[in-house]
Structures are given as C-alpha cells and as structure tokens.
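[1] model the structure of this input:
(4 chains)
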2 protein chains.
Amino acid sequence: MNLKQLSLMLELSQTTVSRALNGYPEVSEETRRRVMDAAKRHGYRPNPSARRLATGKAGMIGYVMPTGAAVDIDPHFVEFLSGLGDYARGHELDLVLSPADAQDEETTYRRIVANKQVDALYISAPCSADKRVALAHQLGIPFIVHGRSEGLDFDYPFIDIDNEGAFHDATRLLLQLGHRRVGLINGDDSQTFAIFRERGVRRALLESGLVLEPRQIRSVAMTEENGYRAARGMLEASDAPTAIVCSSLIMALGVVRAARDLRLSLPGDLSLVSHDDVFPWLRPEHFSVPLTTTRSSIRAAGARVAERLAARISGLEDGARGEVWPVDLVVRGSIAGVR
Amino acid sequence: MNLKQLSLMLELSQTTVSRALNGYPEVSEETRRRVMDAAKRHGYRPNPSARRLATGKAGMIGYVMPTGAAVDIDPHFVEFLSGLGDYARGHELDLVLSPADAQDEETTYRRIVANKQVDALYISAPCSADKRVALAHQLGIPFIVHGRSEGLDFDYPFIDIDNEGAFHDATRLLLQLGHRRVGLINGDDSQTFAIFRERGVRRALLESGLVLEPRQIRSVAMTEENGYRAARGMLEASDAPTAIVCSSLIMALGVVRAARDLRLSLPGDLSLVSHDDVFPWLRPEHFSVPLTTTRSSIRAAGARVAERLAARISGLEDGARGEVWPVDLVVRGSIAGVR
DNA sequence: GAGGGCGACCAAAGCGCTTTGAATTGCCGT
DNA sequence: ACGGCAATTCAAAGCGCTTTGGTCGCCCTC
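    Numbers count the residues shown, from 1 in each chain, chains lettered A, B, ... in the order given. Next up, the predicted model:
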C-alpha cells in the first residue's frame, strides 16, 4: 500500500493525502479525518526511503563508534544506550552506529553527514578541544555532546554531570574525616571528565591547604587490573594515602583487591570513595564493604540526550545550551575517620 | 556532485556511468576506467538514499534492541558490538539499533522489514522456540542468530559456542579432582545458552553416576549480587557443594565475595570455575585467586556475525549453516582436589 | 547480401515520497 | 455583477539513483 494507491482509493490527489497525513493546515478537517482513517484501516505507512530521498531527513540519530583491535568500547556505553533506547523507542527513532577507525573518525563523520544518513548525532567521552565536536559544529549537523570539551572557540549543546563538584565534595568529606593524604585513581586524563574530577580533588585539597602530589594520582584506562595496580603502587609507598577517590566501580574492585592483598582493612586503614555510573550488574552497596560513591545514572543521561536530539531534529531546540547535572554523594561504609 | 552531473561531464549517459561504477560487464574497459577516474577525481559518491529507493537495499544491518525500564542490556553486548564494528568498519556497513518494547518486539521487527530499513539482522540471546527467529524466518529477511534456539521446525543460520561441551568439560575436571557435590550458578534459564550449560553439567555428573540436585542449581540474571546470593544459599546449606561452576565473571565476583564472607578459602574449601566472555576490563587471571574459566571471546563472535551477515547480503552465503565454536578450558588457581 | 549475434551505449521509466505553482470553488464587499 | 480573497484541491516536477527495453554499428556466417 503506497501513497498512490491510497490516494486513488480516496479519489484525492497524492498531494492532499500527503498533506493530510503530515498535518499541514491547508486541508479541510473532514478530508483529513477521512484520509487518516483510510490510512489506518489499510495500514498505510509511508516508505521511509522515499521520504528520505524527498526530504533529506533520515529519521535516525547517529553515533560514530571508534573501533579497532586496540580499542575497547567502554562498558558504560551499554547503559547509556539503554537510556537512549528508552526514549527513542517511544518516538520511532532509530540509532545508527557507524563504526570508524579510531585513528580517523573524521572520514566517517564526513561520510554520514554528506550522505545525510542521520539527522543528528551524539558525541561521547570528549577530550579537550575535541576534534569531533569541532567537526560536527563545522559541518552544521545537529548534535549533543555527552560530556564537555574545553578549549573550543564556540559554544555547543551538551549534557554533563558535575564531575568537578562531585569529586570536590567527596574529597572534602574525606578531609573532614581527618584524612590528609588522599589519592586519586582517575580515568584516562585525555578525557574531560577526568580533568574535571582531578580539578575537583585539587580544589578541595587546596581549601584545606593541601596539594595533590603527583605520586598520589594515577590516570589509567578504567579496568579492574589498572585499579589494582594503581592502588598497589600508591599504597606501598612510604607516604601512602589513607583515602582513595576512584573514578569507576570497576577500578574500585581492583582497589579493594589491592587493599586486601596488603592486609589493609576498609575503612579502618583505607577509606575509599568511587564514582558510580549505576550499573544494574555491579552495585556499590554490595561490595564486601559497601562503597561510598558519587552517583549519577548514565542511563538517565542517555535518555536525556535522546530527548534533546529529538527536540533539535524537530526544531524545538536550538542554541548551545549546556546542561550540568548535580551528582549525589552517597555515604556508605567504606569511609571512616583517619586513625 | 551527482550522477547526472558526472555523466554530463563525461558525455555519457547516466546508465553507462552507473553501470561502470557498479561493475556491470556491458561497459568497455576503457570507458570504465574513464568513469572510475572521474568519479574519484570529483569525489563522487552515490547518494545512499536514492540508491535505497531504487534498489530497496539499505546497506545496513539491524538489531532490535529490547528496552524498557525493567530491561537491562547485557554488558556482554558492548563487547559483541566491538567485534561487529571491527568487521563492519572495513566494509562501510552501518548498524542500526531499533529500540523495541521488550514486551512486543514483533511490531518493531515487522516495521524494519516492511520499511526495508536493513538488509539483514542479527538476533541475540535466543530462548527456546524463539519467536524472533521464527518471525525473521517467516518475513524472509536474511539473519544470523548469535546463539541457538531449540524447538523450531526449520533450520536457520547461527553461530554459537559449545556451551554444553564447555560446561561438561569443566564439570568433568572438577569430578576428576574428586568433587562430588558440584553447584551450578547459571544465567536466566529461559535462554538457550543456560539450558545447554546445565545440560553439560548434568551429563558430566551422570557419567560419574551423579545427578544435579535442584538445590545445587540456580538460574538468575547475571549480576554480582545474584552470584553472591546464589552462592551463599548453596554454601550455607548442609550439603554445600565443594565446587561451583558459574556462568559469568560478574557473578563469579559475587561467588568469591560469598566465599570470603563465609570464610571459605579458594581453592581449599571451594573450587570455582566460571565462564569468561573475555572483557578487557575484568579478567579472570586478576581475581584475588586467579579463576579457572571456560573462555570464548564474544568479541570474535561479533566479528564473525558481521562477516556472515555481509556474506548473506551479497548473496555469497545462504542456507542454514550453524557454526559451533569450541571453548577453551583455562585452568588457573581457583580449583583444587577436594579435601 | 541478408540475417543473426554481439558489444557498447542510451533514453526513459520507474522507486514512493514531498513540494511547487496553479487551478477551482465559494463567498464577501462594493 | 464583478474583482478579490481565502479555503481546498490538484497536476506535475523534483529527489538521485537503478533498470528496462531498446538502438546502433560491426563482424561473422551461410
């Protein structure tokens, strides 16, 4: 059943039927009702390929996915995707993942924009002066950044959590508990979120007249093993921290293991705070010692990104508004006053 | 630059240019070279929307992603995706994720097939007599199942790992070490992989004249917490198992935690084997006691699925060949002879 | 030398929509 | 009675490809 057949059946022109269906005002209410009705009855659905060709709109949102043998997709991504899907489902928005060579994402961005394969895209895990953000901006495709990029000479729309505030507050709490040597086990510091978190820790320390020693900070890919190594490295040193702030639950697993290997008890010998993106399959309250966390649902962020992308596509949103979400600090058993 | 301009420029018809570009034989080699050359020089790329409308082929592969507030996407998915992307990248194949109401995926399947939004799709985590597999088969769209479904009255193409063999071998090894009470902490047993794994354990036990008691088996969603609960439940019982086989590393984390809480040492008091899908961020060799695992890279499976989907799209593959991959049994410190 | 076959190319008809520009109608004011 | 105007409707021209159904030479065969 295509438009032609439907219009023949209704004894109307394709124009009128098309307009009726797409809510244009210049069609009488009665006609619209008739058309809508017939369309529903015959299960007519406009062919998206044809519509795409005619309008240039794809009805899809895109994500350029870096791939390569050495590239590991962040497990956070799947939770983000859940959220995106939650929203997109109700709006018949599909998501297209375009795999790209991690060394050369630009080609892929250019391709999907030139081909009009998607109406909007989102960019995740930006670094400073992120090339992709600059490119999307320059190509003029609607986009939302999940996270922030610093050092670009234009504004852009984003949603991010208050990483600096979260880590500041976590660190301040530890300081209030009497800790003086606080270590930071951070994610890869080419990424903005890690920079902000470090900044938060530093600011809190500074407020107490302390500084973050280079030995007390590690920036690594967020795996269990890296968490372990980083923690061990710090904890075996002579000026071992009495508290550690850590950027992901997965690394926190490694930190806990390191503490155990070194016969340090939590929270007696070591206080630990981790950021928690809220995975259903690994919860801080179920660690052997329940973990104090800075918590923000990455899934909720996914849903919000989808919502804003949809708004941008339909012209309901424009401009460069950035949204920064506050982060919960959830206190559990893994922190205590310093001995 | 579109086909028309290019053909004008070359003083050839659109037909000939199109054929030259698409490798049809009825164009002279010289002309083809000229065309190819000009296309490259002017950066001509056929408009995919137009091509789609004309051919009905989308140049994309699809995945219907169940979503909903209560639905958690499996973290395995992201690794699978990595693999898929690794292959797809080299072939300019994009993946479209169509979010669907987990209660009613059929509507979404029908939509994407009717709209010809994708040329082929893959189906993951099938259950017995999986509706989606039946539907894809019936709708006649090329597809590959990652995993298997039993109880369908037709054959279909799939790739799966030898879950039964893996769990059989793991269990047999434990039996050879003298264990007589082996527990199984399995994934949700509506899914085929869990059924096969259980079958493998049962078979191995049977070969030693043993049976798997209902108390010694748990089928749960694969979270850390569920692993913990299941292990605790088993280990606190009077006929506690001396060895546990477990379906995922994440659950194994919970099992280890339970053992620790109960002051059971690994492998002294409890032997543990887990299945390992090979995540970069959580490795069995880095558990406090290195874990013996049945190992199979889910990422490799993703790449293979993409490869076969591409082959199906281009007509290089058809029929219902199923591929079953062997699984490594990697022995590490978490198992020992029974005391 | 007529007929057939073949290699190379082309004009035009789709694919199924949206959108432009125009036509038709009824109604109002003057 | 007539021009003007708003409300509806329409025919046809795109969108940029692929594919059908040719044409046009040219060589080969009998």
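
[2] anything in stretch A:58-66 near chain B?
    Yes. Interface with chain B: stretch A:58-66 contributes A:58, A:60, A:65 (CB under 8 Å from any CB of the partner chain). No exception for glycine: its C-beta is placed from N, CA and C like everyone else's.

[3] including pLDDT, distance to DNA strand C and secondary structure, could the residues you listed go into CSV?
    Shown next, in CSV, are the residues of stretch A:58-66 next to chain B (pLDDT from 0 to 100; distance: CB to the nearest atom of the strand, whole Å; DSSP: H, G, I helix; E, B strand; the rest coil):
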residue, pLDDT, distance to DNA strand C, secondary structure
A:Ala58, 93, 13, coil
A:Met60, 95, 16, strand
A:Met65, 96, 30, strand
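
[4] buried subset of these, written for ChimeraX?
    Selecting only the buried entries of the residues of stretch A:58-66 next to chain B in ChimeraX, with 16 or more other CB atoms under 10 Å in any protein chain shown as the criterion:
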select /A:58,60,65
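
[5] how about the closest residue to chain B within the stretch 101-250 of chain A, nearest residue that isn't a chain neighbour?
    Using CB to the nearest CB, the single residue of the stretch 101-250 of chain A nearest to chain B is A:Thr223, 4.2 Å away. In this structure, A:Thr223 finds its nearest non-sequential neighbour in B:Trp281, 4.2 Å apart by CB to CB, 6 or more residues apart in numbering or on different chains.

[6] show me what contacts the residue of the stretch 101-250 of chain A closest to chain B?
    Contacts for A:Thr223 (CB atoms under 8 Å, 6 or more residues apart in numbering or on different chains) come out as A:250-251, A:254, B:280-283.

[7] among those residues, who's most crowded?
    Among the contacts of A:Thr223, the one with the most neighbours (other CB atoms under 10 Å in any protein chain shown) is A:Met251, at 30 neighbours.

[8] which ones are touching that one?
    A:185, A:220, A:222-224, A:226-227, A:230, A:274.

[9] then A:Leu174?
    By CB under 8 Å, 6+ apart, A:Leu174 lies in contact with A:182, A:243, A:245, A:271, A:273, A:335.

[10] just put these in CSV and tack on neighbour count.
    As requested, these are exported to CSV (neighbours: other CB atoms under 10 Å in any protein chain shown):
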residue, neighbour count
A:Val182, 25
A:Ala243, 26
A:Val245, 30
A:Ser271, 24
A:Val273, 29
A:Ile335, 21
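
[11] nearest to A:Asp101, of those residues?
    Nearest to A:Asp101 out of these is A:Val245 (CB to CB; 34.5 Å).

[12] what packs against the strand or helix carrying the closest one?
    Element membership for A:Val245, per DSSP states H and E: strand A:243-246. Counting contacts by 3 or more CB pairs under 8 Å, 6 or more residues apart in numbering or on different chains; DSSP states H and E, strand A:243-246 is packed against helix A:163-176, strand A:182-186, helix A:224-236, helix A:249-261, strand A:271-276.

[13] can you add distance to B:Val327 and mean pLDDT and give those back as CSV?
    Output for the helices and strands packed on strand A:243-246, formatted as CSV (distance: least, CB to CB, whole Å; pLDDT from 0 to 100):
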stretch, distance to B:Val327, mean pLDDT
helix A:163-176, 40, 98
strand A:182-186, 34, 98
helix A:224-236, 22, 97
helix A:249-261, 25, 97
strand A:271-276, 33, 98
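
[14] could I get those as CSV with distance to DNA strand C?
    Formatted as CSV, the helices and strands packed on strand A:243-246 follow (distance: least, CB to the nearest atom of the strand, whole Å):
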stretch, distance to DNA strand C
helix A:163-176, 41
strand A:182-186, 48
helix A:224-236, 51
helix A:249-261, 46
strand A:271-276, 45
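
[15] ok, which of the ones you listed comes nearest A:Gly140?
    A:Gly140 lies closest to helix A:163-176 among the helices and strands packed on strand A:243-246, at 29.0 Å (CB to CB).

[16] buried ones in the closest one?
    Across helix A:163-176, burial judged by 16+ other CB under 10 Å covers A:163-175.

[17] okay, the angle between it and strand A:182-186?
    On the basis of axes from the mean of the first three to the mean of the last three CA atoms, to 10 degrees, helix A:163-176 is oriented at 150 degrees to strand A:182-186.

[18] let me know the angle separating helix A:163-176 from strand A:271-276.
    Here helix A:163-176 runs at an angle of 160 degrees relative to strand A:271-276 (the same axes, to 10 degrees).

[19] quick one: distance of helix A:163-176 to the chain centre.
    22 Å (CA atoms, centre = their mean, to the nearest Å).

[20] residue boundaries of the strands in the stretch 51-200 of chain A?
    A:60-67, A:94-101, A:120-124, A:143-146, A:158-161, A:182-186 (DSSP state E, counting those that start in this stretch).

[21] quick revisit: in a markdown table, list the residues of stretch A:58-66 next to chain B along with distance to A:Pro48.
    Formatted as a markdown table, those follow (distance: CB to CB, whole Å):
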| residue | distance to A:Pro48 |
| --- | --- |
| A:Ala58 | 8 |
| A:Met60 | 9 |
| A:Met65 | 23 |
